[in-house]
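A.B. asks: I'd like to go over a predicted model; first the sequence, then the structure.
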Amino acid sequence: PGVRLVAQRAGRADEVVDPVGVQLSEFEVGLKPMGADEEDRTVQQIRSTLARFPGITTSVNTFLVERIDETISGTPAPVVISVFGNDLDNIDRVSLQIAHLVASMRGAASVQVESPPGTPELSVRLDQARLSRWGFTPVEVMNAIQSAYQGVTVAQEYQGVRSYDVSVVMRPADRKDISQVGSLLLRNPDGLMVPLRDLAQLRQVSGRYQITHDGGRRVQVVSVAVGGRSIAGFVSEAQRRVAREITMPKGTYAVFSGESEALGRSQRDLVVYGLMAGLGIVLFLFLALKSRRAVGLVLFNMPFALVGGVASVMLTGGSLSLGGMVGFVTLFGISLRNSIMLVSHYEHLVGKERMEWNGETAIRGASERLVPILMTAIVTALALLPLAITSGEAGNEIEGPMAVVILGGLVTSTLLNLFVLPTLALRYGRFDRAE
């Protein structure tokens, strides 16, 4: 239920930028229009259905989440464990142990080893003595095998401004049977036809379809999709258990990366830059208002906004994403603007209109700034409401949490700005011509 169409992509092109194993296949599943909760249920049903097939590992992601994860770590998964070392067998063994360990943890939706060992391969080992006897060179034999099974470009065809390669390759029926590889006939310089089995040893072996390197170091990657718990909590538990339960051979070590690491780095950067920006804002406010009390009243509105933002995060699952943190920064800016409008208007009433600073002046200032503050909040809320309603849906993984935080903070900030801040200003404010 909920699935609109399914398309499968199997195999790979001859020339690819991202090589993948021939054992991988990708399904593109189009869903019917639905809400975020229904979409989550549909994705869980797809995962449950795929889990019933023995001997396969699967990963289910939305397009945007997969592209973001791939941009962050090079792997389409939120948690990536890279095992580095010099010995490929040690790397593979440790990677499989880590994969089994994290698969048993709560929240592990799927676990994959990027280039697992044990991939069946056909080994063609040329015999130099036989090659010399029949007049072949190793390059000639390998080129002949490549031409027969992969194809070779022999010409180009032009249609208008476009050109197409013309390739020659054996018939598909002759390339399907692996036992017939040894029967491939090769012509030597004298014109004699010699089967490949007379020139090389052919046998099926277990190997790897690729050996991955990162920064000149051999690496095996374990990717983990997480569901039902926070990624940060999952990574923290995985790091503790890997350090405690997995014995690393000498020269082999594991590095955790992915969404959790990128989120932590982004959060640290956002906090540092936010503090620097906040310091600059305080200095500019003091230069504009020329009163420590007025600056304090303006900044006191930020906890009002924080209350609503935190409450909205807790009500929507309690997980603070990078989009949510950006929402807090935006929310603080809107809240400061509203409080500056109110405090500066109090200064105008006292300093320009020469009113006495008392309860009547505080009420008048709040009532005269009621419409501008409400209009700011309402217009912002109406613009963000569609994003908040569709938060969690595919394609809205960043803007949705941001909109939820801003909306929640606007509610408390606006109410407290209109009703609590005037009271605080009346009690602690000093608006007179002397200041």
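C.D. replies: Sure, I can see it. Source: prediction; values computed, not measured.

A.B. asks: show me the strands in the stretch 251-400 of the chain, by range?
C.D. replies: 253-258 (DSSP state E, counting those that start in this stretch).

A.B. asks: tell me the domain ranges of this structure?
C.D. replies: With automatic domain parsing as the criterion, the domains of the chain are listed as 3-118+211-262, 119-207, 290-428.

A.B. asks: out of those domains, deepest packed?
C.D. replies: Scoring the domains of the chain by mean neighbour count under mean count of other Cβ atoms under 10 Å gives domain 290-428 as the most buried, with a mean of 18. Bear in mind the C-beta positions are built from the backbone N, C-alpha and C, glycine included.

A.B. asks: my read: Gly182 touches Leu196, true?
C.D. replies: Yes. If you go by Cβ atoms under 8 Å, Gly182 and Leu196 touch, sitting 5.3 Å apart.

A.B. asks: so what sits against both of the two?
C.D. replies: Jointly contacting Gly182 and Leu196 under the rule Cβ atoms under 8 Å, 6 or more residues apart in numbering are Leu202.

A.B. asks: let's see the pLDDT reported for Arg67.
C.D. replies: Here the pLDDT value assigned to Arg67 is 69.

A.B. asks: and if you look at Val17?
C.D. replies: So, for Val17, pLDDT stands at 60.

A.B. asks: kindly report the same for the one 10 residues further on.
C.D. replies: Note on Phe27: pLDDT of 86.

A.B. asks: and it, how far is that from Ser59?
C.D. replies: 11 Å (Cβ to Cβ, to the nearest Å).

A.B. asks: what's the answer for Gln23, then?
C.D. replies: 14 Å.

A.B. asks: could you do Ala238 as well?
C.D. replies: 17 Å.

A.B. asks: same thing with Gln128?
C.D. replies: 45 Å.

A.B. asks: Gly160 too?
C.D. replies: Plainly put, Gly160 is 42 Å away from Ser59 if you go by Cβ to Cβ.

A.B. asks: what's the nearest residue to Met341 once chain neighbours are set aside sitting at in phi/psi?
C.D. replies: Distances taken as Cβ to Cβ, 6 or more residues apart in numbering place Arg369 nearest to Met341, at 5.5 Å, with adjacent residues excluded. Backbone torsions for Arg369, taken as degrees, to the nearest 10, come to phi -100, psi 0.

A.B. asks: need the helix or strand of the chain with the lowest average pLDDT.
C.D. replies: Ranked by mean pLDDT, DSSP states H and E, the helix or strand of the chain with the weakest confidence is helix 63-73, at a mean of 66.

A.B. asks: which one is the residue of the chain most remote from its centre nearest to, not counting chain neighbours?
C.D. replies: Taking Cα atoms, centre = their mean, the residue of the chain most remote from its mean C-alpha position is Asp190, at 59.5 Å. With sequence-adjacent residues excluded and distances taken as Cβ to Cβ, 6+ apart, Asp190 is closest to Gly135, at 6.3 Å.

A.B. asks: contact partners for the residue nearest to Met341?
C.D. replies: 341-342, 345.

A.B. asks: could you do Tyr158 as well?
C.D. replies: Taking Cβ under 8 Å, 6+ apart, we find Tyr158 in contact with Tyr164.

A.B. asks: got phi/psi on it?
C.D. replies: Dihedral angles (degrees, to the nearest 10) for Tyr158: phi -110, psi 130.

A.B. asks: can you check the one 3 residues further on too?
C.D. replies: Here the main-chain torsion angles of Val161 (degrees, to the nearest 10) amount to phi -90, psi 0.
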